[in-house]
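> Would you be able to build a 3D model of this:
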Amino acid sequence: MHFDLVDLRLFIHIAESPSLTQGARKAFISPAAASARIKSLEENLASRLLYRDSRGVELTPAGELFLQHARVIMRQVDYMKSEFTEYDTEASGHIKIFANTTAASEFLPEILAGFLAERPGVTVDLQERLSRDIVRGVMDGSTDMGIIAGPVEADSLQVIHFSTDQLILVTPLDHPLARCKSIKLVDTLAYPHIGLHEGTTLLRFLHEQVALHGKTLNMRIKVYSFEAMCRMVEAGVGIAILPESSAHRHQQTMGLSVIELDEPWRVRERSILVRDLQALPKVTRALINRVLAHHKGVGQASGPVSVQP
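Purely as a prediction, here's the structure:
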């Protein structure tokens, strides 16, 4: 069985596009040539990879499986190319990161600012994703690395722990809950909440926890940053649940009361996820080292992991 790398790249483009024509355009080949290549792939595999109709294309179950393998192969080819680009220095390369809300909006921008300033030839694609999508993305090769909070169920991945944080409740100073030392989530539901926008990991997580009590979250307003959440809280718009590290930072400049959540899920282990650390380009390993150094911790991994540039 023989596979052309051009065909693998083409298939990925088509799978990520609404139509075969648009996928072919991304691959810089004609739609007719693309169709012929896909047909040849299907004959080679003895499996149908795409459903085709007037609305475009859709992956078959076999196509979904083939896409996963194609992404892994092409990601490894890209890694190999980077290894031989100026003998794999840290000065160039592209890094794709799937991260949760806290990482994408809180500490990664600061880390990446310094990291990229030192490496003009490096580019980064940082995407905020839900936890399950981060795990899936690392597993199927859609991303080089993932940053997640909470338990990880993926034996095939290397998990590098780099810090611990916890979720807490933030209220205005004069709020009825402000004097509480700790509180259950269910006891906050009588008050309007301030949350992050739809699609964020934290908002989805809180909705899931509230649903376990058979209730709904009284969300008064959704904003795009933890700072905006804290400003709304200070103004008396509502209360909010957010990471302790962020809450304490904003508490220094705003009138906020911080209350511990009496919930087992409040403590969250932050981890970096990779498929194979030693197979990553030097520049990606250098970024992982920067994240570990930023949090003044030593990475603890499931399995032998040595973060050597």
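
> can you point me to the longest strand in this protein?
strand 158-172 (DSSP state E).

> That strand pairs with which strands?
strand 239-243 (antiparallel), strand 256-261 (antiparallel), strand 267-274 (antiparallel), strand 300-301 (antiparallel) (DSSP bridges).

> With distance to M145 added, can I get those strands in TSV?
All C-beta spots, glycine's among them, are computed from the backbone N, C-alpha and C. Converted to TSV, the strands paired with strand 158-172 look like this (distance: least, CB to CB, whole Å):
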stretch	distance to M145
strand 239-243	20
strand 256-261	29
strand 267-274	5
strand 300-301	13
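
> hang on, the earlier thing: enumerate the positions of the longest strand of the chain that are buried.
158-163, 165-172 (16 or more other CB atoms under 10 Å).

> Which residue in those residues has the weakest pLDDT?
In terms of pLDDT, D165 ranks lowest among the buried residues of strand 158-172, with 87.

> so how far is S40 from that one?
D165 is 51 Å from S40, where distance means CB to CB, to the nearest Å.

> ditto for V72
21 Å.

> So those two - more neighbours on which side?
V72 (16 against 12; other CB atoms under 10 Å).

> That one contacts V138, doesn't it?
No - V72 is beyond contact range of V138, at 10.6 Å (criterion: CB atoms under 8 Å).

> and T216, that's in a helix?
No - with DSSP: H, G, I helix; E, B strand; the rest coil as the criterion, T216 is coil rather than part of a helix.

> Can you tell me the closest non-neighbouring residue to it?
V210 (6.3 Å; CB to CB, 6 or more residues apart in numbering).

> Measure how buried that neighbour is and give me the count.
18.

> where does it land in three-state SS?
Assignment for V210 (three-state DSSP): helix.

> now it: how far from N218?
9 Å.

> Is H69 within a helix or a strand, and which one?
Assigned by DSSP states H and E, H69 belongs to helix 61-83.

> For L45, report the pLDDT, please.
L45 is assigned 89 on the pLDDT scale.

> Verify the stated contact: L108 with F98.
No - with contact defined as CB under 8 Å, L108 does not count as touching F98 (11.3 Å).

> who touches both of these two?
By CB atoms under 8 Å, 6 or more residues apart in numbering, L108 and F98 have these common neighbours: I147.

> Tell me which of the two has more neighbours.
Set L108 next to F98 and count neighbours by other CB under 10 Å: F98 wins out with 27 against 22.

> Please give the centre-to-centre distance between stretch 193-204 and its chain.
15 Å (CA atoms, centre = their mean, to the nearest Å).

> First-to-last residue distance for it?
14 Å (CA to CA, to the nearest Å).

> and it, which residues are buried?
Buried, per 16+ other CB under 10 Å, within stretch 193-204: H193, I194, G195, L196, T200, T201, L202, L203, R204.

> Overlap in contacts, V210 and N218.
Residues touching both V210 and N218 (CB under 8 Å, 6+ apart) are L189.

> quick one on the thing from earlier: mind putting the strands paired with strand 158-172 in TSV, mean pLDDT, mean neighbour count and distance to V77 included?
Output for the strands paired with strand 158-172, formatted as TSV (pLDDT from 0 to 100; neighbours: other CB atoms under 10 Å; distance: least, CB to CB, whole Å):
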stretch	mean pLDDT	mean neighbour count	distance to V77
strand 239-243	95	25	37
strand 256-261	96	18	46
strand 267-274	92	21	17
strand 300-301	43	14	25
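
> closest one to I134 among those?
Closest approach to I134 among these is made by strand 267-274 (6.8 Å; CB to CB).

> contact partners of the closest one?
With CB under 8 Å, 6+ apart, strand 267-274 has contacts from 102-103, 134-135, 138, 144-152, 154, 157-167, 243, 280, 288, 291, 295, 299.

> Just give me the neighbour total for E58.
E58 has 13 nearby residues by other CB under 10 Å.

> Which residues are in contact with it?
L50, Y51.

> element containing it, please.
strand 56-59.

> Would you mind listing the buried residues in that strand?
G56, V57, L59.

> Then stretch 30-45?
Result for stretch 30-45 [16+ other CB under 10 Å]: buried residues A34, S35, R37, I38, L41, E42.

> Adding distance to E118, write the residues you listed out as CSV.
Listed next are those as CSV, based on distance: CB to CB, whole Å:
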residue, distance to E118
A34, 41
S35, 46
R37, 41
I38, 43
L41, 42
E42, 47
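
> Quick one: those as a markdown table, columns for secondary structure and distance to S17 too.
Converted to a markdown table, the buried residues of stretch 30-45 look like this (DSSP: H, G, I helix; E, B strand; the rest coil; distance: CB to CB, whole Å):
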| residue | secondary structure | distance to S17 |
| --- | --- | --- |
| A34 | helix | 10 |
| S35 | helix | 14 |
| R37 | helix | 15 |
| I38 | helix | 13 |
| L41 | helix | 16 |
| E42 | helix | 18 |
